[in-house]
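**Q** take a look and give me a structure for this.
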Amino acid sequence: MEVTVVYPEGNFSLMIPGYDQNPTILHVKQRIQQLIHVEPQWQGLSFNGESLRDSIRVQDYGIEQGSVIFLIRFLQVSLVYEALQFQVLITEQTKGIFLKDQAKNYFGLAIEEQVLFLNGQVLEDLANVGYYPNINIIVHKTYSIWILGGVGEIYECIVHPYMNVLSLKLILHHKYGIELTSIKLKKPGSNWFLTDQTTLWGAGIRANDAIHLFY
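**A** Predicted coordinates for the structure are as follows:
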């Protein structure tokens, strides 16, 4: 008989054995594996709001011709902070804030001082992780730097190592109202202004460092 399987990337039709062959949910998962190459242990199936157990027969759940089954793909990712690593089992719809909470428990970092990187991009708190099995999610700790303006002006900015200079300028603009196009930044003792695409780490800017502001 034919059923429809729905998952985040769309849906597909699936042929499963009829009742006379006493198929179990594990049989359904094995058929799904043939189509989308996700092993049964990484599949979560539900029907009519109920999670489906591998050993139970399809007919015992009332699944019949034309039924709609929902699929969630589980995956294991690694949270990496400095020399520490911790594996977490999640779904592709897990959000960044959940991973920050896991990092808080394991690494002792407050949620507000974390920034997560997935595939080289910042993973926002409300963004879904997506389907990247066995990938590393890098945890960086944010830190303060100090922007020194004229006439004793001092601005604190919370940054992370891979933030670029343009992002720092945007903080000064949005938080302190400084006109974006007029901002120029220079490290003490340097003869050169920092370019927009330079990362703070690449520029050698670390926690509690000071940067001169010209505008």
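
**Q** which residues in this structure form helices?
**A** 25-36, 96-107, 165-176 (DSSP state H).

**Q** select, out of the ones you listed, the one closest to residue 159.
**A** helix 165-176 (6.3 Å; C-beta to C-beta). In short, each C-beta sits where N, CA and C put it, glycine included.

**Q** buried residues, that closest one. List them.
**A** 165, 167, 168, 169, 171, 172 (16 or more other C-beta atoms under 10 Å).

**Q** I'd like the helices of the chain laid out as a markdown table, including distance to residue 43.
**A** Shown next, in a markdown table, are the helices of the chain (distance: least, C-beta to C-beta, whole Å):
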| stretch | distance to residue 43 |
| --- | --- |
| helix 25-36 | 5 |
| helix 96-107 | 20 |
| helix 165-176 | 39 |
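
**Q** so which of those gets nearest residue 140?
**A** helix 96-107 (10.3 Å).

**Q** alpha carbons only: can I get that closest one in CSV?
**A** Output in CSV follows, covering the C-alpha atoms of helix 96-107 (Å, rounded to 0.1, in the frame of the first residue of the first chain):
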residue,chain,number,x,y,z
GLY,A,96,20.7,27.5,18.3
ILE,A,97,19.4,28.5,21.7
PHE,A,98,19.0,24.8,22.7
LEU,A,99,22.6,24.2,21.8
LYS,A,100,23.7,27.2,23.9
ASP,A,101,21.9,25.8,26.8
GLN,A,102,23.8,22.5,26.3
ALA,A,103,27.0,24.4,26.1
LYS,A,104,26.2,26.2,29.3
ASN,A,105,25.7,22.9,31.1
TYR,A,106,28.8,21.3,29.8
PHE,A,107,31.3,24.1,29.3
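
**Q** partners of the longest strand along the chain, with directions?
**A** In terms of residue count, the longest strand belonging to the chain (DSSP state E) is strand 68-81. Applying DSSP bridges, strand 68-81 is found paired with strand 2-7 (parallel), strand 43-47 (antiparallel), strand 84-91 (antiparallel), strand 136-141 (parallel).

**Q** mind putting the ones you listed into TSV with distance to residue 20 and mean neighbour count?
**A** Output for the strands paired with strand 68-81, formatted as TSV (distance: least, C-beta to C-beta, whole Å; neighbours: other C-beta atoms under 10 Å):
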stretch	distance to residue 20	mean neighbour count
strand 2-7	16	16
strand 43-47	20	18
strand 84-91	34	14
strand 136-141	47	19
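
**Q** could you dump those strands to a markdown table with distance to residue 16 and mean pLDDT?
**A** Converted to a markdown table, the strands paired with strand 68-81 look like this (distance: least, C-beta to C-beta, whole Å; pLDDT from 0 to 100):
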| stretch | distance to residue 16 | mean pLDDT |
| --- | --- | --- |
| strand 2-7 | 6 | 95 |
| strand 43-47 | 12 | 96 |
| strand 84-91 | 23 | 95 |
| strand 136-141 | 35 | 95 |
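
**Q** and those as JSON lines, adding distance to residue 29?
**A** Compiled in JSON lines, the strands paired with strand 68-81 are given as follows (distance: least, C-beta to C-beta, whole Å):
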{"stretch": "strand 2-7", "distance to residue 29": "10"}
{"stretch": "strand 43-47", "distance to residue 29": "5"}
{"stretch": "strand 84-91", "distance to residue 29": "15"}
{"stretch": "strand 136-141", "distance to residue 29": "27"}
